[in-house]
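A.B. asks: Build me a model:
(one chain, ligands or ions: 1)
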Amino acid sequence: MSILSLNSVVKRFGGLTAVNKFSAELQPGELCALIGPNGSGKTTIFNIITGVYAPTNGKVFFDDRDISGKKPNEIANLGISRTFQNIRLFKGLNVLENVMVGHHLRLKSDPISAILQLPGYMAEDRKMHTEAYELLESVNLSHLADKQATALPYGQQRKLEIARALATHPKLLLLDEPAAGMNPQEAEELMEFILHILKTFDLTIFLIEHQMRVVMGICPRIIVIDHGEQIAEGAPELIQNNPRVIEAYLGVTENA
Ligand SMILES: Nc1ncnc2c1ncn2[C@@H]1O[C@H](COP(=O)(O)OP(=O)(O)OP(=O)(O)O)[C@@H](O)[C@H]1O
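C.D. replies: Model (predicted):
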């Protein structure tokens with residue numbers, strides 16, 4: 001049974017069709033890439049999966065449940081988490097606190113309990129603190145727990161963003177260009193990091209990435225989109241040699 005299923009999804013912005021009858025299935029535990037030229041509709045697909053946009057047509061199923069057009073917080077609560085193209089860490093918070101913000105999404109106590117620091121809230125807060133630290137340990141970032149998040153080297157900030165997304169205990173993690181702006185050494189470390197969290201957290205990962213070295217290096221399956229339509233799907237060697245892909249994408253924008 002697939003964990004994510006997109007059935008003939010269409011998204012129009014006025015006269016522009018950003019996504020056109022796009023269908024795809026992800027199996028539990030998969031690491032699958034979504035690639036395509038700039039403006040081909042990749043982020044729009046992530047925005048539809050996470051409820052930022054409702055599809056104009058078509059359906060999205062997660063864990064066999066129809067999530068098309070549901071609100072972002074409902075979808076996050078069902079177990080989908082994401083990172084963004086641009087880093088969105090909280091300035092003024094340290095590394096541990098940034099992860100705790102992710103944990104806060106799962107808090108059961110109401111805001112009044114938090115303001116009055118009632119025992120129930122305090123116990124939850126302590127638990128969250130411990131969990132956030134354990135999460136940092138499991139991704140080898142705990143030595144940075146008290147550092148200002150935005151003062152970290154670029155590659156570490158990217159990892160921290162992913163760690164924060166994991167704090168909500170997602171089943172499906174969407175990574176939007178995690179290697180953007182990374183040098184080869186940082187990209188190499190990111191690849192190891194992604195493989196590590198895939199195993200450790202029992203995840204399914206859907207990854208948008210322009211760095212072909214990263215995509216071809218770690219993703220057993222790749223979906224290619226052009227002008228909002230799926231043009232190819234398969235293992236890296238098949239994708240690399242697919243004439244439609246070469247014409248649409250690889251020959252034009254490959255920057256790895
Ligand atoms: N909110 C919006 N309103 C109008 N047009 C939009 C909106 N969001 C995206 N688009 C358009 O939809 C098309 C697909 O954009 P999208 O950002 O999904 O592409 P992408 O493949 O993620 O591109 P990139 O690789 O450059 O990030 C583009 O033509 C874009 O300009």
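A.B. asks: alpha carbons only for contacts and neighbour counts from here, please
C.D. replies: Noted.
A.B. asks: Residue 125 should be in a helix, yeah?
C.D. replies: Yes. Using DSSP: H, G, I helix; E, B strand; the rest coil, the assignment for residue 125 is a helix.
A.B. asks: Quick check: the gap between it and residue 118.
C.D. replies: Note on residue 125: its distance to residue 118, by Cα to Cα, to the nearest Å, is 11 Å.
A.B. asks: Between the two, which has more neighbouring residues?
C.D. replies: Neighbour totals were compared for residue 125 and residue 118, and residue 125 leads with 19 against 12 (other Cα atoms under 10 Å).
A.B. asks: need the contact list for the closest residue in space to residue 29 that isn't next to it in sequence.
C.D. replies: With Cα to Cα, 6 or more residues apart in numbering as the criterion, residue 29 has its nearest non-adjacent residue at 4.4 Å, and that residue is residue 204. The contact partners of residue 204, by Cα atoms under 8 Å, 6 or more residues apart in numbering, come to 26-31, 171-173, 198.
A.B. asks: tell me the strands in the stretch 151-256 of the chain, going along the chain?
C.D. replies: Secondary structure of the stretch 151-256 of the chain (DSSP state E, counting those that start in this stretch): strands at 172-176, 204-208, 221-226, 229-234.
A.B. asks: got TSV for those strands, with distance to the ligand too?
C.D. replies: Listed next are the strands of the stretch 151-256 of the chain as TSV, based on distance: least, Cα to the nearest ligand atom, whole Å:
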stretch	distance to the ligand
strand 172-176	8
strand 204-208	8
strand 221-226	8
strand 229-234	11
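A.B. asks: how about low-confidence regions in the stretch 151-256 of the chain?
C.D. replies: The model of the stretch 151-256 of the chain has pLDDT under 70 over residues 250-256.
A.B. asks: Excluding chain neighbours, what is closest to the spatially most central residue of the chain?
C.D. replies: Among the residues of the chain, the one closest to the centroid is residue 174, at 2.1 Å (Cα atoms, centre = their mean). Closest residue in space to residue 174, ignoring its immediate chain neighbours: residue 82 at 4.5 Å, by Cα to Cα, 6+ apart.
A.B. asks: quick one: the one you found from residue 163, how far?
C.D. replies: Counting by Cα to Cα, the gap from residue 82 to residue 163 is 10 Å.
A.B. asks: excluding its backbone neighbours, what's nearest residue 57?
C.D. replies: The shortest distance from residue 57 to any non-neighbouring residue, by Cα to Cα, 6+ apart, is to residue 10 (4.9 Å).
A.B. asks: Could you list which residues are in contact with the one you found?
C.D. replies: Counting by Cα under 8 Å, 6+ apart, residue 10 has contacts 17-22, 55-58.
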